[in-house]
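1. Fold the following, please.
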Amino acid sequence: QVHVVESGGGLVQAGGSLRLSCAASGWIFSSYDMGWFRQAPGKDREFVGAISRSGGITYYADSVKGRFTISRDNSKNVVYLQMNSLKPEDTAVYYCAVRKVGVSTREDEYDYWGQGTQVTVSS
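-> Below you'll find the model as predicted:
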């Protein structure tokens, strides 16, 4: 049974930072690629970033490039999303997702999802 749990969300002022964590279990963590998505109120879920199984390849949405960083620690089965210079438009529920084969920016290509963690950025 694959299990994915996000944590680290909260309320932060614009310009601040947060680090989200995604803990995963139920499979060989280092065998799968991981992604982060977010969904703001009234909007569709959108791609934020992704990281390959080794951590050597990362992709980011243009809206977060230069501000967000994805990393992973395969020894701890955890993926991180470091978010700096946060803006009110970053307010959303952030989701961690698992993909069995390859890094992707497409939501429909991910196999397992967490329940999400709320990030609220005040102006």
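
2. can I assume Val78 is in contact with Arg19?
-> No. Using C-beta atoms under 8 Å, Val78 is not in contact with Arg19; the gap is 10.8 Å. Yep, even glycine has a C-beta here, placed from its N, CA and C like the rest.

3. Now do the phi/psi pair for the residue nearest the centre of the chain.
-> Geometric centre of the chain, nearest residue: Trp36, 2.6 Å, by C-alpha atoms, centre = their mean. For Trp36, the backbone dihedrals (degrees, to the nearest 10) come out as phi -120, psi 140.

4. Just want to check the distance between it and Lys43.
-> Remark: distance between Trp36 and Lys43 (C-beta to C-beta, to the nearest Å) = 16 Å.

5. repeat for Gln13
-> Gln13 is 22 Å from Lys43, by C-beta to C-beta.

6. list the contacts for Tyr112?
-> The contact partners of Tyr112, by C-beta atoms under 8 Å, 6 or more residues apart in numbering, come to Val2, Val4, Ala97, Val98.

7. Name the secondary structure element that contains the last one.
-> Read it as Val98. Using DSSP states H and E, Val98 sits in strand 92-99.
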